[in-house]
Structures are given as structure tokens and as C-alpha cells.
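Student: Got a predicted structure here, sequence first:
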Amino acid sequence: MALSTLKDKRERGFLDGQFLIAMPGMQDDNFVRTVVYICAHSAAGAMGFIINRPQSISFTDVLLHLKLMDKTDAIMLPGETRNFPILSGGPVETGRGFVLHSDDFSSESSIPVSDDISLTATLDVIRAICDGRGPARATMLLGYAGWGPGQLETEISNNGWLNCAANEELIFDRSLEGKYERALAILGVSPEMLSSEAGHA
């Protein structure tokens, strides 16, 4: 699914605003033990972001790479800003950055994902974060997860994923360790209760 389809959300799919939680039998290494927040789902496909996989580069690395500031200025940023979370959002366009954030920040390029969450993929949100004008809650992701028409529905029917309503607290939770288990807990299950042969929630 092309990212641009997020801008036209007149056709909403049943997975919009849902978490996908990978089942133990997931064969694709890109998604083993992942929790994915689905931002858009329609007949054209689906797209979303993995929210529990760390990225090896830091926010400071991103700022230096984008030439938004030099190393000295980056070091002078408040610790909370320097430690701004960067996640691996998925295997598609891994060199491209996206910021999922609360709706208290908006720019011309921001796209509403839900009533409370927006997506911005331009430098203005990064500059705002550096200047202390950014959203109250945000996470930066490199890359995204995308599925073609009918692909995700097939994976779910083949027992690849569980799904449940997304939880904003979990989306922006900076503690990645145990996030998979916390997502399963929304459904009232633990990893030990699941098997690759289990039924659907």
C-alpha cells in the first residue's frame, strides 16, 4: 500500500486503528514478536508501524545526518530530547523517517491517523521537537510496514496475526522490553497460551 493513501481515508477498513500482534508461528523475520499499529487499511492494502523494535541509531545521529545541527549543538540539547525514541517502523523505505505524535502538534504536512494521533514525515516536526515546541507525545520511526490488496487479510486468516484495538499508552510507551507481552495482555492472553495452531481472537 502506498503511503499516500493515508491522505484519503474516506474508505476505512476494519483494521484501521488496530494493533496487529504477531503469532508465534510468524515466518517473516521482519515481524517476529512485533506489535504493529495500523494507520490505514482499505481495499488498496494496509500500512502501519512496528512499535516495539529498537533502532540502532540515535536522535542525535538523525539530527547530524540531516544537518539540522552540528555535534556541539546536539550535545547541548536537553537529555530528554537527545534520548527521543527512534524505532524501526518496518521493512519498507527504511531510510525514510516518520513521526507518530499526539494531535497537539500540526503542520501542513501532518496527516490525522485517528482522533488523537497524527503522522508527520517532514523536518518541521523534528525542528519543533529540538526547539521544545513539539508534540507532548511522539515517536520517530524509520521505515514502515505495508501490505498489498488482500495480503494482510490472508495473513490473518492463515493465523499470522492477532488484532485488537490500539492503545495510545502502548504506542508511545518508551519501554520496548515487554511491549509484546503488554499488547497481548490487552486481549487477556500471554505468550504461553498461544501456539502457531491457535485460533483467532
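Tutor: Yep, it's here.
Student: what number of residues lie near His65?
Tutor: Around His65 there are 11 other residues, counting by other CB atoms under 10 Å. For every residue, glycine as well, the C-beta is placed using N, CA and C.
Student: Equivalent analysis for Leu152, please.
Tutor: Residues lying near Leu152 (other CB under 10 Å) number 26.
Student: swap in Glu93?
Tutor: A total of 15 residues lie near Glu93 under the criterion other CB under 10 Å.
Student: Check Ile57 too.
Tutor: Neighbours of Ile57 (other CB under 10 Å): 13.
Student: Is it in contact with Ile86, as I believe?
Tutor: Yes. At 6.1 Å, Ile57 counts as touching Ile86 under the criterion of CB atoms under 8 Å.
Student: hmm, who's touching the helix or strand bottoming out on mean pLDDT in the chain?
Tutor: Using mean pLDDT, DSSP states H and E, the weakest-scoring helix or strand in the chain turns out to be helix 71-75, at a mean of 79. Residues outside helix 71-75 that contact it (CB atoms under 8 Å, 6 or more residues apart in numbering): Thr60, Leu63, Leu64, Arg82.
Student: Which one of these sits in the busiest neighbourhood?
Tutor: For those, the largest neighbour count, defined by other CB under 10 Å, is 23 neighbours, found at Leu63.
Student: any idea which residue sits dead centre in this protein?
Tutor: Most central in the chain under CA atoms, centre = their mean is Phe49, positioned 2.9 Å from the mean C-alpha point.
Student: Find the helix or strand that that residue is a member of.
Tutor: strand 45-50 (DSSP states H and E).
Student: Could you do Asn163 as well?
Tutor: Here Asn163 sits within strand 161-165, counting by DSSP H and E.
Student: Does that strand pack against any helices or strands, and if so which?
Tutor: When contacts are defined as 3 or more CB pairs under 8 Å, 6 or more residues apart in numbering; DSSP states H and E, strand 161-165 packs onto strand 18-22, helix 151-157, helix 179-186.
Student: Which stretches in this protein count as helices?
Tutor: Using DSSP state H, the helices of the chain run over residues 59-65, 71-75, 79-82, 123-130, 151-157, 168-171, 179-186.
Student: Need those helices in JSON lines (columns: distance to Ile21).
Tutor: Output for these, formatted as JSON lines (distance: least, CB to CB, whole Å):
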{"stretch": "helix 59-65", "distance to Ile21": "27"}
{"stretch": "helix 71-75", "distance to Ile21": "36"}
{"stretch": "helix 79-82", "distance to Ile21": "29"}
{"stretch": "helix 123-130", "distance to Ile21": "28"}
{"stretch": "helix 151-157", "distance to Ile21": "11"}
{"stretch": "helix 168-171", "distance to Ile21": "11"}
{"stretch": "helix 179-186", "distance to Ile21": "5"}
